[in-house]
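> Next one to model:
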Amino acid sequence: MGVESLVLGELAQRGPVLAVVAHPDDESFGLGAVIAALHVEGADIRVLCLTRGEASTLGASADLGVVRLLELRAAAGVLGVSEVVLEDFADGGLSGVPVATIDDVLNAQLRDAVTLLVFDVSGVTGHPDHRAASAAALRVARRHHLDVLEWGVTPQVASQLNIELATSFVALAGDGVTDIVVDRTVQLAAIACHQSQAHDNPVLTRRLELQGTLERVRLHPADRVQGTG
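Numbering: from 1, shown residues only. This next block holds a predicted model:
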């Protein structure tokens, strides 16, 4: 069963959604359009962000972690997110954290969530933090029999970005993928809340341009979630 037959509205009606991300802005730059669409459909959406994003080279400053927390809270309000939890794992260091430690944090934040929303297991850009966050979500989902909705980009978008901007995007492809039509109005407003990261960000600008009104997702129903270790 894919999103073709289980539309976001039906997914929203199943129960609360927990978005699990590595950095402040992942919820907007990456998942924003999907979160906004789920909110329109009536979903209760929470965000668990595992790092403060303090190591970013964009907007670098001594208090960047505090700045990004405030940006995250503002963006979450725009997206219709009901709650944000920000953990304090080191930005850039998630892949070195024992998996049991990350899993324990996720377990504590699940509460009544029935769906986890994540970057695809490649991390989309290949970032180790993204991969670690998504891997943890899949492990926990398998353990608790939860649905997982992965977000990613098409092969065409990944290839074009990698050619033009020397990035390392990895496409979400294969069985179960589908492209959904989205309205980016709310996502763009949420992105604007992340001033430290959105300013002078050609990769983000070009990705959104290439994606247009389509987002690529893949649903892993609870009975078929595959863990990553």
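
> per-residue confidence at the closest residue to residue 91 other than its chain neighbours?
Computed as CB to CB, 6 or more residues apart in numbering, the closest residue to residue 91 that is not its neighbour in sequence is residue 55, at 3.8 Å. No exception for glycine: its C-beta is placed from N, CA and C like everyone else's. In this prediction, residue 55 carries a pLDDT score of 74.

> Ok, the one 3 residues further on next?
In this prediction, residue 58 carries a pLDDT score of 75.

> correct me, but the residue nearest to residue 91 touches residue 94?
No - under the criterion of CB atoms under 8 Å, residue 55 makes no contact with residue 94, lying 11.2 Å away.

> Am I right that the residue nearest to residue 91 sits in a strand?
No - secondary structure of residue 55, determined by DSSP: H, G, I helix; E, B strand; the rest coil: coil, with no strand assignment.

> quick one on the thing from earlier: so which of residue 55 and residue 94 has more stuff around it?
residue 94 (23 against 15; other CB atoms under 10 Å).

> ok, for that one, nearest residue in space, not its chain neighbours?
On the basis of CB to CB, 6+ apart, the spatially nearest residue to residue 94 that is not a chain neighbour turns out to be residue 132, at 3.9 Å.

> And the residue lying closest to residue 44 once chain neighbours are set aside, how far from residue 51?
Spatially, and ignoring its direct neighbours in sequence, residue 44 is nearest to residue 16 (4.3 Å; CB to CB, 6+ apart). For residue 16, the distance to residue 51 equals 23 Å [CB to CB, to the nearest Å].

> higher neighbour count, the two?
Relative neighbour count places residue 51 above the other of residue 16 and residue 51, with 27 against 17, counting by other CB under 10 Å.
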